[in-house]
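Peer 1: Predicted model and sequence below, questions to follow.
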Amino acid sequence: AQSVAQPEDQVNVAEGNPLTVKCTYSVSGNPYLFWYVQYPNRGLQFLLKYITGDNLVKGSYGFEAEFNKSQTSFHLKKPSALVSDSALYFCAVRGEDTGGFKTIFGAGTRLFVKA
Amino acid sequence: GAVVSQHPSWVICKSGTSVKIECRSLDFQATTMFWYRQFPKQSLMLMATSNEGSKATYEQGVEKDKFLINHASLTLSTLTVTSAHPEDSSFYICSARRGSNTEAFFGQGTRLTVV
């Protein structure tokens, strides 16, 4: 069965510093990996995805993520955090072993960026 | 990116009544739509997957007769919470996808409060 883990409930970072939000996954076959961001009382906004190709994926708002097959990780990164990046971030995975290609979400990591 | 509109954004209803939530893909045809439920400070729980013109596939533990899903067209899916009770109060989010290799786009969510 596929699963995705976000080991940190919360990440705190100062504005201007680099940020990393961690994600590891478990699927059979090739994974489809996604990052989404959620602001209070809103739906999820798509940030970036990995399907195939380059391991380093660039997405919206300056975010990027690196696919590491050997470590089964897909950590979200940004070189310089902004206060407006404070939100709830979800990693998601879809695997070939799921009927209907349904997407499973991690528990979410709350990012706080201090000015 | 593609736009998914969910309506209403919030609804308050009396216990025992039914509530319908609509999810529309505004600028693309969605082969698959998903319905999620999100509890406070928790991740998204997939309730069901719906493909246009066929019956929805419900996740284990989700009552089919309580959460009626209709996907009548490639741009519209509805979730009806029947005979709602206070424990059904939650944030419901839909998402839509063009194809199996693409990311999903999310509606803004519906906050349901049953009193």
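Peer 2: Noted; the coordinates are in hand.

Peer 1: near chain A, which residues of chain B show up?
Peer 2: For chain B, the residues in contact with chain A (CB under 8 Å from any CB of the partner chain) are B:1, B:4, B:6, B:32, B:34, B:42-44, B:46, B:49, B:51, B:57, B:91, B:93, B:95, B:100-101, B:103-109, B:111. Glycine gets a C-beta too; all of them are placed from N, C-alpha and C.

Peer 1: Which members of these are classed as buried?
Peer 2: B:4, B:6, B:32, B:34, B:43-44, B:46, B:49, B:51, B:57, B:91, B:93, B:95, B:103-109 (16 or more other CB atoms under 10 Å in any protein chain shown).

Peer 1: residues contacting the closest residue to chain A within chain B?
Peer 2: Ranked by CB to the nearest CB, the top residue of chain B for proximity to chain A is residue B:106, at 3.8 Å. When contacts are counted by CB atoms under 8 Å, 6 or more residues apart in numbering or on different chains, residue B:106 touches A:36, A:43, A:44, A:45, A:46, B:4, B:93, B:94, B:95.

Peer 1: and the lowest-mean-pLDDT helix or strand in chain A, how far from the chain's centre?
Peer 2: When the helices and strands of chain A are scored by mean pLDDT, DSSP states H and E, strand A:104-105 comes last with a mean of 87. Put simply, strand A:104-105 sits 11 Å off its chain's centre (CA atoms, centre = their mean, to the nearest Å).

Peer 1: middle-most residue in chain B, spatially?
Peer 2: residue B:35 (3.6 Å; CA atoms, centre = their mean).

Peer 1: Check which helix or strand that one maps to.
Peer 2: strand B:32-38 (DSSP states H and E).

Peer 1: Okay, strands next: where are they in the chain?
Peer 2: Let's take chain A. Taking DSSP state E as the criterion, chain A carries its strands at A:3-5, A:10-14, A:19-21, A:24-26, A:32-38, A:44-50, A:56-58, A:64-68, A:73-78, A:87-94, A:104-105, A:109-114.

Peer 1: my bad, the chain I had in mind was chain B
Peer 2: Using DSSP E, strands in chain B cover B:4-7, B:10-13, B:19-25, B:32-38, B:44-51, B:57-58, B:67-73, B:76-81, B:90-97, B:105-106, B:110-114.
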